[in-house]
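Participant: sharing a model that was predicted from the sequence below.
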Amino acid sequence: MNPINISLLVFMIGLYGVISKNNLIKKIMGLTIMNGSIVLFFISIGYREAGLAPILEKGTTGGIPTTIFVDPVPQALMLTAIVISISITALALALIVRIYAKYKTLDIQQLSKER
Amino acid sequence: MGSSKIIRTIVQKLFPFIVLFGLYLISHGHLSPGGGFQGGVVIGTAIILLALSYGIEKTEKKFENKRLSMLEKLGILTFIFLGFLSIFLGHSFLGNFLPLGKPGQIASGGLMLLFNIAIGIEVAAGVSIIFYALVKYRGEI
Amino acid sequence: MSKEMKKVFFIIIILVMAILFILSIDIEYGNPKNLDVTNYYINQGLHDTGAINLVAAIYLGYRAYDTLIETIVLFVAVTGVVFYLRGKR
């Protein structure tokens, strides 16, 4: 049971939230949980056995380092992914405020009958 | 419409330290974990904390909406301007043209400190503007 | 969609996810195989950019263009939120 399996379980929890809940805010919470599980999956792919964080010592001058470092490439990709997740959540919540102002309900079964 | 007097006193005493910690994260972005995005969100959280404990009217007198919007546009335009300045000086777009310096000091890494400062200003102002827009909505409800 | 169709969808998705979970329970964790680009970034990162934080050397040094586009995405999101929550004119 390593972090790659746990990320699949968290993804299933988020997918259950998006599919089965009727409230719109709970669907957005499911989207955020799914984003978190993908970040966990990518970071745990780049783990090396007995590796340290990819920050060099303060007194190094040059040359090729001899300690084993964890893969820094997925960590740099996930910074962008987290910022895009924030943007999606902010825009979705702004749309939800306008929907509630016009239709006075947040239930998706009643909203799909509105037409 | 803010919070009780205990929360207002503690927030007033804690606010400079939160901003100082955010500035530390921004300026040491190339030496330790941190950088522009993390430090910018910390500074934006400090402004949101002020708005939650003192009420939105009093906070908007100190951190006005128009001034934050101007800071956000300034941050993103500085980033693009540094990219074009690097083309004028002969290197590639967003390439490095400052001296590299000794590894381990703050004045190292070339353009990375300026990038971090521009991103930090832009993210702090952006998070604050989103919070103001969500709280002050007085439309058709 | 009706309640029965939603239950059938739900059971199908749970079945597919359970099969995926059982097939991947002994996945290899701890030694990635293709490390050519990573070894180049670790060996040459300090020499090319001058920063001792290797993650910052990647996303502000070698791939600064992606960081620029990401800041533009955040700026467009803030503009969209202000546009939707404008209120009475």
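Facilitator: Yes, it's here. Numbers count the residues shown, from 1 in each chain, chains lettered A, B, ... in the order given.
Participant: name the residues of chain C found near chain B, please.
Facilitator: C:46, C:49-53, C:55-57, C:60-61, C:64-65, C:67-68, C:71-72, C:74-75, C:77-78, C:81-82, C:85-88 (CB under 8 Å from any CB of the partner chain). In this view, the C-beta of every residue, glycine as well, is placed from N, C-alpha and C.
Participant: kindly recompute the last result at 10 Å.
Facilitator: Residues of chain C lying near chain B by CB under 10 Å from any CB of the partner chain: C:46-53, C:55-57, C:59-61, C:63-65, C:67-68, C:70-72, C:74-75, C:77-79, C:81-89.
Participant: check what pLDDT the closest residue to A:Ala53 other than its chain neighbours gets.
Facilitator: Of all residues not flanking A:Ala53 in the chain, A:Val70 sits nearest, at 6.5 Å (CB to CB, 6 or more residues apart in numbering or on different chains). Note on A:Val70: pLDDT of 93.
Participant: I figured A:Val70 hits C:Leu35, correct?
Facilitator: No - the criterion here is CB atoms under 10 Å, and A:Val70 misses it with C:Leu35 at 11.2 Å.
Participant: shared neighbours of the two, which are they?
Facilitator: Common neighbours of A:Val70 and C:Leu35 (criterion: CB atoms under 10 Å, 6 or more residues apart in numbering or on different chains): A:Gly46, A:Arg48, C:Ile42.
Participant: mark which of the residues you listed are buried, thanks.
Facilitator: Buried members of the shared contacts of A:Val70 and C:Leu35, counted by 16 or more other CB atoms under 10 Å in any protein chain shown: A:Gly46, C:Ile42.
Participant: so which of the shared contacts of A:Val70 and C:Leu35 sit within strands?
Facilitator: Among the shared contacts of A:Val70 and C:Leu35, no residue falls in strands (DSSP state E).
Participant: from the shared contacts of A:Val70 and C:Leu35, which single one is nearest B:Lys66?
Facilitator: Nearest to B:Lys66 among the shared contacts of A:Val70 and C:Leu35 is A:Gly46, at 43.8 Å by CB to CB.
Participant: excluding sequence neighbours, find me the nearest residue to the closest one.
Facilitator: A:Asp71 (3.0 Å).
Participant: got phi/psi on that neighbour?
Facilitator: When quoted as degrees, to the nearest 10, the phi and psi of A:Asp71 stand at phi -70, psi 120.
Participant: how close does it sit to chain B?
Facilitator: 15 Å (CB to the nearest CB, to the nearest Å).
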